[in-house]
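Participant: take a look and give me a structure for this.
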Amino acid sequence: PVKDTKPTKSGWNMVSFERTPIMSTYLLAWAVGDFEYVEAHTERRYNGKQLPVRVYTTRGLKEQGRWALEHAHKIIDFFSEIFDIDYPLPKSDLIAVHEFTHGAMENWGLVTYRTTQVLFDEKTSDARFKNAVAYVVAHELAHQWFGNLVTMDWWDELWLNEGFATWVGWYAIDHLHPDWEVWAQFVNEGMEAAFHLDAIRASHPIHVPVRDALDVNQIFDSISYLKGCSAIRMLANHLGVKTFLKGVSNYLKAHAYGNAKTKALWDALSEASGKDVNTLMGPWITKIGHPVLTVAEEPGQISIKQSRFLSTGDVKPEDDTTTWWVPLGLEGKKGQAGIADLSLTQKDDTIREIDDDFYKLNSGATGFYRVNYPPARLAKLSTQLDKLSTEDKIAIIGSTAGLAFSG
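Facilitator: Below is the predicted model of the structure:
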């Protein structure tokens, strides 16, 4: 923020600014131009003050910044609460940039956006941009904590920065707009995009070595963002979202104004949940691809086998060496209401006490894997739509289509 402004003898103004906090160099930004802005304030108080939040545009466009503005101040308050850390800066600025390489960039306190990702005109914009703008604002503001307050140790951990901001960005939008059903949207668009890329033999693991910072643009892809987000979402749902966020909060507090590695987050989450997150997540992060669970039925029980899924359908033994931790999300175990807390940690297993009339795997499509049901079970599920969520329906159709495509 501006500290003070003094006129000089030559008719200019001398403007001095408050001191910038310690930060990573890649998060520094200046914007110079003939700008105007719309402003709101947070509802929460920070050190006794409501913080100013502004959307800056070039002259004549500021009114198109209102939709983003209205989300930004609520999102800052929401993240301050769920991370249990007050937004660390005295102001938050968002600016529309007319020529921009990415969708947006989370520069600390001055987030830059491509115009289509921050401006919205009620009269002329397509309604789907409402959703896109709200989400991108949430994604970038999430980085003000996860990425900026605590920065990854090196670019090979980009996936964690982006995967987390993607997950928590949708989490914030789901909180503000529950009627939008954004998780169904993520399963339909985000997860499916990740599956398509990851089902190719030449996919890459989520965690990619980066030798030179100039190589980093190559890994801004659907694996880092969307498979990364899917892995985080799978873990958060398995641990319980409240427990997961408690672990994230502890991680951010322990490393504030510094750098950290993925392992530090896994350790904080293990401590919060009592589960060995390092072991659960290892294969998902370091190995290529994802599994398909093939289900065989006998009366009162099912056997499940995991193997690597390839869209070409020609999985060779050397392609199929990974054993993933797979949270089964099983509904329909006798004597258990809701989802049974079961995971597959080996290549195959048998589960007894199954309700022959109705069961489903991967409830809510929170796991990043395909399910291959016997044909008769698919036919039966199609008569039980009232027992399937929107996410379930999308995932079952997605798996079935993917399997059909692969032969």
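
Participant: checking Lys123 next. Helix, strand or coil?
Facilitator: coil (DSSP: H, G, I helix; E, B strand; the rest coil).

Participant: tell me the pLDDT of it.
Facilitator: Per-residue pLDDT puts Lys123 at 94.

Participant: which elements pack onto the longest helix seen in the chain?
Facilitator: If you go by DSSP state H, the chain has its longest helix at helix 158-176. Under the contact definition 3 or more C-beta pairs under 8 Å, 6 or more residues apart in numbering; DSSP states H and E, helix 158-176 sits against helix 66-82, helix 128-142, strand 150-152, helix 182-185, helix 228-239. (Each C-beta comes from the backbone N, C-alpha and C, glycine too.)

Participant: could I get the ones you listed as CSV with mean neighbour count and distance to Ile302?
Facilitator: Below are those laid out as CSV (neighbours: other C-beta atoms under 10 Å; distance: least, C-beta to C-beta, whole Å):
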stretch, mean neighbour count, distance to Ile302
helix 66-82, 21, 37
helix 128-142, 22, 37
strand 150-152, 21, 41
helix 182-185, 20, 26
helix 228-239, 24, 20
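
Participant: may I have stretch 169-188 as CSV, with CA atoms only?
Facilitator: Taking C-alpha atoms only, stretch 169-188 is exported to CSV below (Å, rounded to 0.1, in the frame of the first residue of the first chain):
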residue,chain,number,x,y,z
GLY,A,169,-10.5,-23.2,-5.1
TRP,A,170,-13.4,-25.5,-6.0
TYR,A,171,-14.0,-26.1,-2.3
ALA,A,172,-14.4,-22.4,-1.7
ILE,A,173,-16.8,-22.0,-4.7
ASP,A,174,-18.8,-25.0,-3.5
HIS,A,175,-19.1,-23.2,-0.1
LEU,A,176,-20.3,-19.9,-1.8
HIS,A,177,-22.5,-21.5,-4.4
PRO,A,178,-23.7,-25.0,-3.2
ASP,A,179,-26.4,-24.9,-5.9
TRP,A,180,-23.8,-24.9,-8.7
GLU,A,181,-22.7,-28.5,-7.8
VAL,A,182,-19.2,-27.8,-8.8
TRP,A,183,-17.8,-31.2,-7.7
ALA,A,184,-20.0,-32.8,-10.3
GLN,A,185,-18.5,-30.3,-12.8
PHE,A,186,-15.0,-31.2,-11.6
VAL,A,187,-15.6,-34.9,-12.1
ASN,A,188,-17.1,-34.3,-15.5
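
Participant: for the longest helix of the chain, what is the distance to the chain centroid?
Facilitator: 3 Å (C-alpha atoms, centre = their mean, to the nearest Å).

Participant: give the buried residues for it.
Facilitator: 158-174 (16 or more other C-beta atoms under 10 Å).

Participant: can you list the helices and strands packed on helix 158-176 in JSON lines and add distance to Val326?
Facilitator: Formatted as JSON lines, the helices and strands packed on helix 158-176 follow (distance: least, C-beta to C-beta, whole Å):
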{"stretch": "helix 66-82", "distance to Val326": "28"}
{"stretch": "helix 128-142", "distance to Val326": "27"}
{"stretch": "strand 150-152", "distance to Val326": "27"}
{"stretch": "helix 182-185", "distance to Val326": "20"}
{"stretch": "helix 228-239", "distance to Val326": "9"}
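
Participant: next, format these as a markdown table and append mean pLDDT and distance to Ser311.
Facilitator: Compiled in a markdown table, the helices and strands packed on helix 158-176 are given as follows (pLDDT from 0 to 100; distance: least, C-beta to C-beta, whole Å):
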| stretch | mean pLDDT | distance to Ser311 |
| --- | --- | --- |
| helix 66-82 | 98 | 37 |
| helix 128-142 | 97 | 28 |
| strand 150-152 | 97 | 31 |
| helix 182-185 | 98 | 23 |
| helix 228-239 | 97 | 17 |
